[in-house]
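**Student:** give me a 3D structure for the following:
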Amino acid sequence: MKINGMGIDPIKIYAAQLKKVDAEAKNKTEGLPPGDKLDISHEAKCLQECKGLLAKVPPVREELVASLKQRIQEGSYRPDSEKIAAGIIEEMCRGQEVKKGS
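**Tutor:** From the prediction side, this is the model:
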């Protein structure tokens, strides 16, 4: 009596199992969303844009400072005292509103 193998090829079974595992792994990654997601609100985008624009504005307006210095030296600078007083009063009122709100 002659026995010719058992009809099972272990190499083919192993290769089939590897293909199956690879296919399952591929299907799992395709079905899931790709990692974490960050959504920035419209308001936050506007704030970022404004912040970028403000960064471009110099902290001191050199032309205005030079112009005012020149006018002061020439004696032609005449500030409006009523506008200054109104600005001080308005600023003080805003400060009180902030204190009440907090």
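**Student:** so residue 43: helix, strand or coil?
**Tutor:** helix (DSSP: H, G, I helix; E, B strand; the rest coil).
**Student:** show the pLDDT at it.
**Tutor:** Residue 43 is assigned 92 on the pLDDT scale.
**Student:** ok, now which ones touch it?
**Tutor:** Residues near residue 43 by C-beta atoms under 8 Å, 6 or more residues apart in numbering: none. Heads up, the C-betas are built off the backbone N, CA and C, glycines and all.
**Student:** for residue 56, see how far away it is.
**Tutor:** 21 Å (C-beta to C-beta, to the nearest Å).
**Student:** how about residue 10?
**Tutor:** Counting by C-beta to C-beta - residue 10 and residue 56 are separated by 70 Å.
**Student:** now do residue 23
**Tutor:** To residue 56, residue 23 is 54 Å away according to C-beta to C-beta.
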